[in-house]
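[1] Could you work out the structure for the sequence below:
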Amino acid sequence: MLILRADTFPRKAHHSAGFTLIELLLVLAVMGLLAGLGSPIYSKLKAGADYRNSVRQVMAGLVLARQQAAESGREVRYSCDLDKRVCGLEGAATNRIPEDVTLRATVAGAELKEGGTASIRFYPDGGSTGGFFELARAGGGGARLRVDWLFGRLTQEPLG
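    Now for the predicted structure:
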């Protein structure tokens, strides 16, 4: 008598040949959704990074102007051309302010030129002509970089 057991027969391997059409369409739909959401998020992140970078550049330029005046024993001027949207030390490389950042200045009358250039002059004794530069975000908020006229101290405060 012959007894056949089920575990003695070789089993057929059941392999999947690939993905179904529905699975592929679902993956493509998810990827399309993520790509559509990524563009607005990226532009918001870029605008925020541009704003922070502009504030850092202007503040660093003001600090450098103050240091150079104290070290060299001569006046040093930091200027922003409000029309061309560039700031920097006179005679040195300038930093471009992006279009989505609003740039305003309040300086002494003698430091405002016809072409829309506002300057703050630093003196060797530590004083300055005083004033401030305001950099505002397109969506609201911003920073005021204030220069004290008596001691030339630099402070950063939020715009209200």
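[2] low-scoring pLDDT stretches of the protein, where are they?
    Segments of the chain classed as low confidence (criterion: pLDDT under 70) are 1-16.
[3] Tell me where it has strands.
    Counting by DSSP state E, residue ranges of the strands within the chain are 76-81, 86-89, 95-96, 101-107, 117-122, 131-137, 142-147, 154-158.
[4] Export those strands as a markdown table, with columns for mean neighbour count.
    Where C-beta positions appear, they are placed from N, C-alpha and C, glycine not excepted. Below are those laid out as a markdown table (neighbours: other CB atoms under 10 Å):
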| stretch | mean neighbour count |
| --- | --- |
| strand 76-81 | 22 |
| strand 86-89 | 19 |
| strand 95-96 | 14 |
| strand 101-107 | 18 |
| strand 117-122 | 23 |
| strand 131-137 | 21 |
| strand 142-147 | 20 |
| strand 154-158 | 12 |
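[5] wait, which of those is closest to residue 60?
    Comparing the strands of the chain against residue 60 with CB to CB, the closest turns out to be strand 95-96 (8.7 Å).
[6] mind listing what the closest one pairs with, with the direction of each?
    Taking DSSP bridges as the criterion, strand 95-96 pairs within the sheet with strand 86-89 (antiparallel).
[7] Report the separation between residue 117 and residue 43.
    When distance is defined by CB to CB, to the nearest Å, residue 117 is 31 Å away from residue 43.
[8] about what we covered before: in TSV: the strands of the chain, plus distance to residue 38.
    Conversion of the strands of the chain to TSV gives the following (distance: least, CB to CB, whole Å):
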stretch	distance to residue 38
strand 76-81	34
strand 86-89	31
strand 95-96	26
strand 101-107	23
strand 117-122	39
strand 131-137	21
strand 142-147	27
strand 154-158	30
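[9] Out of the ones you listed, which gets nearest to residue 34?
    Among the strands of the chain, the nearest to residue 34 by CB to CB is strand 131-137 (26.6 Å).
[10] ok, residues contacting the closest one?
    Here strand 131-137 makes contact (CB atoms under 8 Å, 6 or more residues apart in numbering) with 47-48, 51, 54-55, 58, 62, 80, 87, 97, 100-108, 111, 118, 120, 142-147, 149, 159.
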